[in-house]
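>>> What follows is a protein structure lacking sequence information:
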């Protein structure tokens, strides 16, 4: 297995915790015999060239008994999907984990995910259950978005969101049963994507025309044409990110640009 993390101005303390959790999960996966080795690829997208040394220091703690550590730096900011493509094609594996630098996985997460891939040759992508700080559960699956859904979820005032609460619940698949694996969610978010390496290579990786946002929806739709996409509730994570509208004007512009490209590629759905 290879694991790729793309960083841009990362929270180094949180990233260190992410790597500790990843190490424990990788150790358990190797001990369980579901993988032989787990290699880690950190992709430094900047800003500037001073992050390389800090990321190298973190990488030195990656246990060599698990696999190789590789730092990709100096390429500039090639975008989220572009960075993960660099990693997945620089260090191809039977399985590939796309991991955000703000995701803590539970110790058994990789064991559970790879076991499903071993049992089901028709599965190409597995995504986890998300646990928040209050212990509540969520997931990374959604209905195929419309323009109105995206506006409501990201930019509408609270009163308007309350008015359309039932619609938002349908979009986020809030009533999805989480007692067993869920096959065939329409699209999935990409903070934690466990992929069969051959499937990822067959679809050509991420579409790098999406610099940030919607590259995950696009990838999951293309993978679904070749293999099954599955939500696995026994594979669990905590995610500390999200919310483009809360991150300022630059993120809003990137979100809108990528949304335009997404609908242009997959068909416009306004309502």
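Yes, it's here. Just so we're clear, the structure is a prediction, and the values are computed from it rather than from any experiment.

>>> where do the strands sit along the stretch 101-250 of the chain?
Under the criterion DSSP state E, counting those that start in this stretch, the stretch 101-250 of the chain carries strands at the ranges 103-105, 123-131, 137-139, 141-142, 182-183, 187-188, 192-196, 228-239.

>>> Any idea how far apart the tips of stretch 54-67 sit?
Counting by CA to CA, to the nearest Å, you get 20 Å between the two ends of stretch 54-67.

>>> How about residues contacting it?
With CB atoms under 8 Å, 6 or more residues apart in numbering as the test, stretch 54-67 has contacts from 1-2, 7, 10, 12, 15-16, 19, 23, 26-27, 30, 37-40, 42, 44, 69, 71, 73. Any C-beta I mention is one placed from the backbone N, CA and C, and that applies to glycine too.

>>> Now the buried members of the residues you listed.
1-2, 7, 10, 15, 19, 23, 26-27, 30, 38-40, 42, 44, 69, 71, 73 (16 or more other CB atoms under 10 Å).

>>> Just those residues: which are in strands?
Among those, the members found in strands (DSSP state E) are 2, 7, 39, 40, 42, 44, 69, 71.

>>> export these to a markdown table and tack on pLDDT and distance to residue 269?
Rendered in a markdown table, the data for those read as follows (pLDDT from 0 to 100; distance: CB to CB, whole Å):
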| residue | pLDDT | distance to residue 269 |
| --- | --- | --- |
| 2 | 97 | 35 |
| 7 | 96 | 33 |
| 39 | 97 | 39 |
| 40 | 97 | 38 |
| 42 | 97 | 37 |
| 44 | 96 | 37 |
| 69 | 96 | 43 |
| 71 | 96 | 40 |
